[in-house]
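A.B. asks: Generate a structure from the sequence data that follows.
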Amino acid sequence: MGLTDKALAANEHLSLQLDIEVNTLPWQIDIVQRGLAYTVLPLAIVQKRVKSGKIVACPIVTPKLERELVLATATDSRNSMASLKLQQMIENEVRRQILNGEWLGAELSPAF
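C.D. replies: Numbering: from 1, shown residues only. Below you'll find the predicted structure:
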């Protein structure tokens, strides 16, 4: 069980009973698509399969689950022009996908 699962269960005073734990994303999606299990994933990861009708996604309303996307860099070295350009490209693509509604469920933070 992942740290997020453990923290959520503890915070909500729940006990989780897992019959199987799969830690690879393709396997998680495959067993859900086959109707063998459920999983908790960000909608962006499965939205193409949801749109095509291969799987069904239901939002978890309570408790509200949030994830923050971060771009990490080393603190002990200066970023190269290439890494700064890549950072800018990633930020622009994330912003574009969210504003165009391609990244369902995602919101831009005020600082972004």
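A.B. asks: Tell me how far the most centrally placed residue in the chain lies from residue 70.
C.D. replies: By Cα atoms, centre = their mean, the chain has its centre lying nearest to residue 42, at 3.6 Å. When distance is defined by Cβ to Cβ, to the nearest Å, residue 42 is 14 Å away from residue 70. C-beta here means a position set from N, CA and C on the backbone, and glycine is covered the same way.
A.B. asks: Tell me the spacing between the residue nearest to the centre of the chain and residue 65.
C.D. replies: Distance of residue 42 to residue 65, given as Cβ to Cβ: 9 Å.
A.B. asks: Quick check: which helices or strands does the longest helix out of those in the chain pack against?
C.D. replies: Using DSSP state H to assign secondary structure, the helix with the most residues in the chain is helix 81-99. With contacts taken as 3 or more Cβ pairs under 8 Å, 6 or more residues apart in numbering; DSSP states H and E, helix 81-99 sits against no other helix or strand.
A.B. asks: And that helix, what's buried?
C.D. replies: For helix 81-99, burial by neighbour count (16 or more other Cβ atoms under 10 Å) applies to 94, 98.
A.B. asks: For it, report the contacting residues that lie outside it.
C.D. replies: 69, 71, 73, 79, 102-103, 106-108, 112 (Cβ atoms under 8 Å, 6 or more residues apart in numbering).
A.B. asks: Only the buried subset of those, as a PyMOL command please.
C.D. replies: In PyMOL, this line selects whichever of the contacts of helix 81-99 come out buried by 16+ other Cβ under 10 Å:
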select buried, resi 103+106
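A.B. asks: Tell me the one among the contacts of helix 81-99 nearest to residue 53.
C.D. replies: Checking the contacts of helix 81-99 against residue 53 by Cβ to Cβ gives residue 102 as the nearest, at 18.4 Å.
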